[in-house]
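Student: Quick one, fold the following:
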Amino acid sequence: QVQLVESGGGLVQAGGSLRLSCAASGSFFSANVMGWYRQAPGKQREVVASITRGGSTNYADSVKGRFTISRDNAKNTVYLQMNSLKPEDTAVYYCNAELVVVEATTRRLYDYWGQGTQVTVSS
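Tutor: Residues are numbered from 1 along each chain as shown. Below you'll find the predicted structure:
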């Protein structure tokens, strides 16, 4: 059974920093694209950043220059370093991963989500 386990959320003052981690565990072959999404109260879930297995990254315009996504392929773990945090960054942050699962002789790509971690930035 595959799981994504997140950690690192919390309460921080505006201008502060937090680092989120998300580790994929269980039975899968490899992790392709991994990323972070967030959902603020009353708003739709939105992508924050993503990173390919090869290290190519993409960021939402709202976090460019402040957030950095990285990953450790050996540990199947993705990180989100968040600096210069703003109150509008307050949300539940979700880890997402595209994992290759071997089924008999076939490799299939599945999308998995973490349980979410709360990030609250006070003004």
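
Student: can we go C-alpha only for contacts and neighbour counts from here?
Tutor: Noted.

Student: counting contacts, what elements does the lengthiest strand in the chain pack onto?
Tutor: Ordering each strand of the chain by length in residues (DSSP state E) puts strand 91-103 first. With contacts taken as 3 or more C-alpha pairs under 8 Å, 6 or more residues apart in numbering; DSSP states H and E, strand 91-103 sits against strand 3-7, strand 30-39, strand 106-113, strand 117-122.

Student: Just give me the residue right at the centre of this protein.
Tutor: residue 36 (2.8 Å; C-alpha atoms, centre = their mean).

Student: how close does that one get to residue 97?
Tutor: From residue 36 across to residue 97, the span is 9 Å (C-alpha to C-alpha, to the nearest Å).

Student: Check residue 20 too.
Tutor: Applying C-alpha to C-alpha to residue 20 and residue 97 gives a distance of 15 Å.

Student: more neighbours, these two?
Tutor: A count of neighbours by other C-alpha atoms under 10 Å puts residue 97 above the other of residue 20 and residue 97, at 28 against 21.

Student: Report the contact partners of that one.
Tutor: Contacts of residue 97 were listed using C-alpha atoms under 8 Å, 6 or more residues apart in numbering, and they are 31-35, 111-113.

Student: Distance-wise, check it relative to residue 37.
Tutor: Residue 97 is 11 Å from residue 37, by C-alpha to C-alpha.

Student: hang on, the earlier thing: most tightly packed of the helices and strands packed on strand 91-103?
Tutor: Burial of the helices and strands packed on strand 91-103 is given as mean neighbour count (mean count of other C-alpha atoms under 10 Å); strand 30-39 ranks first at a mean of 22.

Student: Let me see the contact set for residue 6.
Tutor: Neighbours of residue 6 in contact, by C-alpha under 8 Å, 6+ apart: 20-23, 94-95, 114-117.

Student: State the pair within the contacts of residue 97 that is farthest apart.
Tutor: 32 and 113 (13.6 Å; C-alpha to C-alpha).
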